[in-house]
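Novice: Got a predicted structure plus its sequence, pasted below:
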Amino acid sequence: MANTTSAKKATRKIARRTIVNKSRRTQMRGAVRTVEEAIKRGDREAALKAMVRAEPELMKAAQRNIIHKNNASRKVSRLSHQIAKLAK
């Protein structure tokens, strides 16, 4: 358990940030899930629309250190390739 005043304050701050970050992570995962579901259905139009929402979500999450920037870029790249495959 934290002993110093500053350590106690840090613990409180971490608890608040955790709640915010969990919310953002959930929102990001939901956006990615809608793209994946559209790809699974083979619905290219819906996948493109969902991707327009998911890409900024991923990049914002990377910017805010919720996920690593390379992880976000990799997800965007893989989803884009899967959507491109649907056109064939």
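Specialist: Received, thanks.
Novice: Tell me where the protein has strands.
Specialist: Applying DSSP state E to the chain gives no strands.
Novice: and residue 76, what does it touch?
Specialist: Residues near residue 76 by CB atoms under 8 Å, 6 or more residues apart in numbering: 54, 55, 58, 59. Quick note: C-beta positions are derived from backbone N, CA and C, even for glycine.
Novice: ok, 10 Å please
Specialist: Applying CB atoms under 10 Å, 6 or more residues apart in numbering to residue 76 gives the contacts 32, 35, 51, 54, 55, 56, 58, 59, 62.
Novice: Check residue 42 too.
Specialist: residue 86.
Novice: So what does it have for phi and psi?
Specialist: Reported as degrees, to the nearest 10, the phi and psi values for residue 42 are phi 80, psi 20.
Novice: what about it, distance to residue 11?
Specialist: Plainly put, residue 42 is 49 Å away from residue 11 if you go by CB to CB, to the nearest Å.
Novice: what do you get for residue 17?
Specialist: Look at residue 17 and residue 11: by CB to CB, they are 11 Å apart.
Novice: Quick check: which helices or strands does whichever helix in the chain runs longest pack against?
Specialist: If you go by DSSP state H, the chain has its longest helix at helix 5-41. Using 3 or more CB pairs under 10 Å, 6 or more residues apart in numbering; DSSP states H and E as the contact criterion, the elements in contact with helix 5-41 are helix 44-63, helix 69-86.
Novice: export those to TSV and tack on distance to residue 27?
Specialist: As requested, the helices and strands packed on helix 5-41 are exported to TSV (distance: least, CB to CB, whole Å):
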stretch	distance to residue 27
helix 44-63	6
helix 69-86	14
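Novice: for these, which one ends up most surrounded?
Specialist: Mean neighbour count (mean count of other CB atoms under 10 Å) peaks for helix 44-63 among the helices and strands packed on helix 5-41, with a mean of 17.
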